[in-house]
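Enquirer: Return atomic coordinates for the entry below.
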Amino acid sequence: MTLRRPRKAVLMVALVVTLVVLCCGGSLTVVLLNGLTNDDSDRFLNASLGCGRGGVVDPDSKLPRIRPYGPDQIRNAAIIIDVGADLKLPPRAWVIAVATAMQESRLVNLGHLGTRNDHDSLGLFQQRPSTGWGTPAQVRDPVYASTKFYNKLQTVEGWDTLPLTRAAQAVQISAYPDAYAKHEPLATQIVNLLADGAANAAGNLATMECATAGQIAASGWTIPLRAPVGSAFRSASRPNHQGVDLSVEKYRPIVAVASGRVSLVKCDEDFRGAKTCNVDGYPGKGGCGWMVEIIHADNVMTRYCHLVQRPFVRENQQVAAGETIGRVGSSGNSSGPHLHFEVHINNDRTSNGAVDPVTFMREHGAALGNEG
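Expert: Got it, this is the predicted structure:
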């Protein structure tokens, strides 16, 4: 089968190239892509790559090496993205498909594996001819295999809002149903690099826009609520402020910013050791009041403080992006109703793991600061 060319293949990424793009806020950003990898130095290139408006990459163009994947593997990822665009599926589908192929084959077009793996599991998605996926030659054709994956994905009810691992498992029926989630962050980076930041966008191909109004981006991230940013992260006046304050009226719903597992629900003690969270707090009282912490893919932890009442979720509960977890309040060390929101990397709950939520969320396609 001949590889179909994308209808609008305009993004050609080289190993060393200066890229000028128009970002979500309307300002020009110049980014030097000096050897693209997925290490810490450039893991947050996403925001600088727009929101998918430049189209998808030509799989036959010169492609970057994105560690740990080589050129052939990245070309297979480009084909998966290209097929998804050709089928007019939104970028969320591309992220799911790439992450699935990363788990199933490491983006390698697998041949016959013999007794090591179900005998006839073949291709990028380990599809089995014996279970109706197609002939051996067909499932080893990346275009055919990707098309079959996308067709099955579209039969899954609510696939575009499900956590990635649940959507992928519904298609693959894997013996390791939780294995797909760990690939979501790098799959998001690959889609962003190969398709002009498409994983930062929301909507379908006709209405694609930066996910700045509360939609769930193709990356799987959304904002906790629409509100202006008040007190900033580690400002000069508050150097120990490990998050940002989103100022909004009491009882506004708060949602999980990405799918994950609730790791903590508690009434945080004040400086006197008292657990008094069902009342408004005050400056100097201490503590987070009613609070929630959620662990997401790539060991990112988000924290939500000062809720008005006991949160709606429980510890170890799985939540989806956009799922309501509680309501805004003023409990704990608070001068008025707002959500104190933190982001920590490496599941480090301390100040050492805290990063600026404004930067992090913007780079994941879900910019904070939208007026309510």
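
Enquirer: hey, where'd the helices end up in the chain?
Expert: Assigned by DSSP state H, the helices in the chain fall at 71-86, 91-105, 136-139, 142-153, 164-172, 184-194, 357-363.

Enquirer: Out of these, the one nearest residue 269 is which?
Expert: Evaluated over the helices of the chain, closeness to residue 269 peaks at helix 357-363, with 23.7 Å, by Cβ to Cβ. Glycine gets a C-beta too; all of them are placed from N, C-alpha and C.

Enquirer: by contact count, what packs against that closest one?
Expert: When contacts are defined as 3 or more Cβ pairs under 8 Å, 6 or more residues apart in numbering; DSSP states H and E, helix 357-363 packs onto strand 338-344.

Enquirer: What helices and strands are in contact with the strand it packs on?
Expert: Short answer (3+ Cβ pairs under 8 Å, 6+ apart): strand 338-344 packs on strand 244-247, strand 301-307, strand 354-355, helix 357-363.

Enquirer: Partner strands of the shortest one, with direction?
Expert: Put plainly, it is strand 354-355. strand 338-344 (antiparallel) (DSSP bridges).

Enquirer: could I get the partner strand in PDB with only the CA atoms?
Expert: Taking Å, rounded to 0.1, in the frame of the first residue of the first chain, the C-alpha atoms of strand 338-344 are listed here in PDB:
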ATOM      1  CA  HIS A 338      -9.800  31.500  45.900                       C
ATOM      2  CA  LEU A 339      -8.200  28.300  44.700                       C
ATOM      3  CA  HIS A 340      -4.600  27.900  45.600                       C
ATOM      4  CA  PHE A 341      -3.200  25.700  42.900                       C
ATOM      5  CA  GLU A 342       0.300  24.000  42.800                       C
ATOM      6  CA  VAL A 343       2.200  21.700  40.400                       C
ATOM      7  CA  HIS A 344       5.000  19.500  41.500                       C
END
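
Enquirer: what angle separates it from strand 301-307?
Expert: Angle of strand 338-344 versus strand 301-307, following axes from the mean of the first three to the mean of the last three Cα atoms, to 10 degrees, is 160 degrees.

Enquirer: got a list of contacts for strand 338-344?
Expert: With contact meaning Cβ atoms under 8 Å, 6 or more residues apart in numbering, strand 338-344 is reached by 224-225, 227, 230, 242-248, 252, 254, 288, 300-306, 328, 330, 334, 350, 353-357, 360-361, 368.

Enquirer: Can you select the buried ones from those in ChimeraX?
Expert: Of the contacts of strand 338-344, the buried ones go into a single ChimeraX selection, burial set by 16 or more other Cβ atoms under 10 Å:
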select :224,225,227,230,242,243,244,245,246,247,248,252,254,288,300,301,302,303,304,305,306,328,330,334,353,354,355,356,357,360,361,368
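
Enquirer: thinking again about what came up before, what's the closest of the helices and strands packed on strand 338-344 to residue 87?
Expert: The stretch from these with the least distance to residue 87 (Cβ to Cβ) is helix 357-363; that distance is 27.7 Å.

Enquirer: where in this protein is pLDDT low?
Expert: Along the chain, the parts satisfying pLDDT under 70 run over 1-56, 112-119, 206-207, 210-214, 370-372.

Enquirer: so how far is the strand ranked longest in it from its chain's centroid?
Expert: Taking DSSP state E as the criterion, the chain has its longest strand at strand 260-268. Mean C-alpha position of strand 260-268 versus that of the full chain (Cα atoms, centre = their mean, to the nearest Å) differs by 20 Å.

Enquirer: give the contact list for residue 174.
Expert: Residue 174 makes contact with 103-104, 168, 180, according to Cβ under 8 Å, 6+ apart.

Enquirer: What is the end-to-end distance of stretch 244-256?
Expert: Start-to-end span of stretch 244-256 (Cα to Cα, to the nearest Å) is 16 Å.

Enquirer: Run through the residues that contact the residue lying farthest from the centre of the chain.
Expert: Counting by Cα atoms, centre = their mean, the extreme residue of the chain relative to its mean C-alpha position is residue 272, 38.8 Å from that point. Neighbour list for residue 272: residue 286 [criterion: Cβ under 8 Å, 6+ apart].

Enquirer: How about the one 3 residues further on?
Expert: In this structure, residue 275 makes contact with 267-269, judged by Cβ under 8 Å, 6+ apart.
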